[in-house]
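Asker: please find the sequence and the predicted model below.
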Amino acid sequence: MITIAVDCMGGDHGPRVTLAACRNFLESHPEAELLLVGLPDSLTSLSHARARVVVATEVVGMDDPVEVALRKKKDSSMRVAIQQVKDGAAQAAVSAGNTGALMAIARYLLKTLDGIDRPAIAALMPNAKGEATTVLDLGANVDCSAQHLLQFAVMGSALVSVLQNDNNPSVGLLNIGEEVIKGNDTIKKAGELLRSAGKSGDLNFFGNVEGNDIFKGTTDIVVCDGFVGNVALKASEGLATMIIGFLKAGFSRNIFTKLAAIAAYPVLSSLKKRMDYRRYNGAALLGLRGLVFKSHGSADAFAFEQALNRAYDAAHNKLLDRVQARIAHAAPLLAGVAGAE
C-alpha cells in the first residue's frame, strides 16, 4: 500500500479541486491510500475507506513570503503534509501551494541527500514525438554552478529511469548553440563535467541542445538553471493557451474564419491535446531525503490528479532509492568537482 500525504488547502482553488482529484485517484488506485491534510471543516466532502484526515490549523497563502511560511505557520497544511513523509507515515507528499514555501519547508524538514547541494524542480514538457522531455531546474535555483548542473543531470536521469522505464536516458545541456565553444563560463564548465560523466558511465550525455530541442524531443532530459527553465515552462504553457484561444476565436467570428477553423480543427485539436500542460502536471522536488511533488497552483481536478499519479509512480518504483544509487555511483566525480572548486 502506497500512502500519499496531500496538502488539500494549497493552490488557487483548495479543497474544491484537491478533494475531487483525490476521489478520482482513489477510484483508479485500489492499492493506494491518502492522508488528507488541512482544516477539518474543509475536508468533509470526501469520505473514503482509504482516506484519512490529518488536521492542520493553518494555510500557506499563494502570496505568503517564504519566511512566514517557514517560521510562523508551523502548523500549515503544507508543512504537516511534508512532516508525514519525514515521519514515515507517507511515502510522498503533493501540494499545489506556494512554490518557494514548498521548497523551503521541504528542504528544512527533509534535508538534502549526501552529494547534493541544492534540490531541483523537474517536470515534463510535451514534445513533437507525442512524448515529454524532462526539464530541470524549473525555478528552484536561479543561479547555478557547473557542479549544480551536473547534480541535476544525475538526479534527472534517475527520475526518467523510474517514471519512463528507461535505464539509459539521454541528457542535453541547454545552451545557445550545439558547439562546445558556445555559452558562458558556467555552461562551458558544465559541459566538460557532463562529458566526463558520460565517459565514466554515470550519464548518457548527448551534448549541448538549444531551446527548440526541448519541444523536438531531441533528448530525454534537458538541464538548465532555474531562471531559464522557468521561462521555457511558461512559454510552453502560453503556446498551449494560444492554441486554445485560436480555436475558440475561429468559431466565434465570421463565416470565413469559421470555415478556416473547421478545416484546421483536427490538427489543432490534436496539437492542443498533445500540448495540454495538465497532462504533465506534477513536478518532482529532487535531491531531498523524501518525495515531494509540486502541482501547478491553478490546476483543475484533472491536472491535480496527474500530480498524484506521478507521486504514486515515484513511490511505487522507489525513486528515492534510484536517485541515491545514481548519486552513489557518481560520488567520485561529484566529490572531485567539489574539491576542485
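Answerer: Noted; the coordinates are in hand.
Asker: domains of this structure?
Answerer: Domain segmentation of the chain under automatic domain parsing yields 2-110, 120-278+324-340.
Asker: pLDDT value on Val267, please?
Answerer: Here, the pLDDT recorded for Val267 equals 54.
Asker: with Ile116 instead?
Answerer: 89.
Asker: ok, now which ones touch it?
Answerer: Going by Cβ atoms under 8 Å, 6 or more residues apart in numbering, Ile116 touches 151, 155, 287, 327. Any C-beta I mention is one placed from the backbone N, CA and C, and that applies to glycine too.
Asker: these in helices, which ones?
Answerer: The helices, defined by DSSP state H, take in 151, 155, 327 from the contacts of Ile116.
Asker: wait, the first one touches Pro119, no?
Answerer: Spelled out, it's Gln151. No. Assessed by Cβ atoms under 8 Å, Gln151 is found out of contact with Pro119, at 9.6 Å.
Asker: identify the contacts common to these two.
Answerer: If you check Gln151 and Pro119 against Cβ under 8 Å, 6+ apart, the residues they both contact are Gly287.
Asker: from Thr18, how far out is Ser295?
Answerer: Ser295 sits at a distance of 9 Å from Thr18 (criterion: Cβ to Cβ, to the nearest Å).
Asker: which ones are touching Val94?
Answerer: Val94 neighbours (Cβ under 8 Å, 6+ apart): 4-7, 81, 282, 292-295, 304, 307-308, 311.
Asker: name the nearest of those residues relative to Ser47.
Answerer: Val6 (15.0 Å; Cβ to Cβ).
Asker: show me what that closest one is bridged to.
Answerer: Using DSSP bridges, the beta-bridge partners of Val6 come out as Leu36, Val94.
Asker: circling back to that earlier point, just give me the least confident of the contacts of Ile116.
Answerer: Where pLDDT dips furthest among the contacts of Ile116: Ile327, at 85.
Asker: not counting its neighbours along the chain, what's nearest it?
Answerer: Spatially, and ignoring its direct neighbours in sequence, Ile327 is nearest to Gly115 (4.6 Å; Cβ to Cβ, 6 or more residues apart in numbering).
Asker: next, count neighbours for the one you found.
Answerer: 19 (other Cβ atoms under 10 Å).
Asker: helix, strand, or coil at Pro322?
Answerer: That one is not Pro; residue 322 is Arg. helix (DSSP: H, G, I helix; E, B strand; the rest coil).
Asker: got the contact list for it?
Answerer: Neighbour list for Arg322: 158, 161-162 [criterion: Cβ under 8 Å, 6+ apart].
Asker: my read: Asn317 touches Val162, true?
Answerer: Yes. With contacts defined as Cβ under 8 Å, Asn317 counts as touching Val162 at a distance of 4.4 Å.
Asker: neighbour-wise, which of those two wins?
Answerer: Val162 (22 against 14).
Asker: so when I look at the more buried one, I'm seeing a helix, right?
Answerer: Yes. The assignment for Val162 (three-state DSSP) places it in a helix.
Asker: give me the pLDDT value at it.
Answerer: Listed pLDDT for Val162 reads 84.
Asker: about what we covered before: among the domains of the chain, which comes closest to Asp300?
Answerer: domain 2-110 (6.0 Å).
Asker: sorry, back to before: out of the contacts of Ile116, which is nearest to Asp63?
Answerer: Using Cβ to Cβ, the contacts of Ile116 come closest to Asp63 at Gly287, 26.0 Å.
Asker: burial count for the closest one?
Answerer: 29.
Asker: quick one: it and Ala120 touch, right?
Answerer: Yes. Gly287 lies in contact with Ala120 (Cβ under 8 Å); the separation is 6.0 Å.
Asker: how about the secondary structure of Lys234?
Answerer: Under the three-state scheme (three-state DSSP), Lys234 adopts helix.
Asker: picking that back up, for the contacts of Arg322, which one is nearest Leu333?
Answerer: Ala158 (15.0 Å).
Asker: just the C-alphas of whatever helix or strand that closest one lives in, formatted as PDB.
Answerer: According to DSSP states H and E, Ala158 maps onto helix 146-163. What follows is helix 146-163 as a C-alpha-only set of coordinates in PDB (Å, rounded to 0.1, in the frame of the first residue of the first chain):
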ATOM      1  CA  ALA A 146      28.600  23.900 -13.200                       C
ATOM      2  CA  GLN A 147      28.600  21.400 -10.300                       C
ATOM      3  CA  HIS A 148      24.900  22.000  -9.600                       C
ATOM      4  CA  LEU A 149      24.000  21.400 -13.300                       C
ATOM      5  CA  LEU A 150      25.900  18.100 -13.100                       C
ATOM      6  CA  GLN A 151      23.900  17.100 -10.000                       C
ATOM      7  CA  PHE A 152      20.700  18.000 -11.800                       C
ATOM      8  CA  ALA A 153      21.600  15.700 -14.600                       C
ATOM      9  CA  VAL A 154      22.300  12.800 -12.300                       C
ATOM     10  CA  MET A 155      19.000  13.300 -10.500                       C
ATOM     11  CA  GLY A 156      17.100  13.800 -13.700                       C
ATOM     12  CA  SER A 157      18.400  10.600 -15.100                       C
ATOM     13  CA  ALA A 158      17.200   8.700 -12.000                       C
ATOM     14  CA  LEU A 159      13.700  10.300 -12.400                       C
ATOM     15  CA  VAL A 160      13.300   9.400 -16.000                       C
ATOM     16  CA  SER A 161      14.700   5.800 -15.400                       C
ATOM     17  CA  VAL A 162      11.900   5.300 -12.900                       C
ATOM     18  CA  LEU A 163       8.900   7.100 -14.400                       C
END
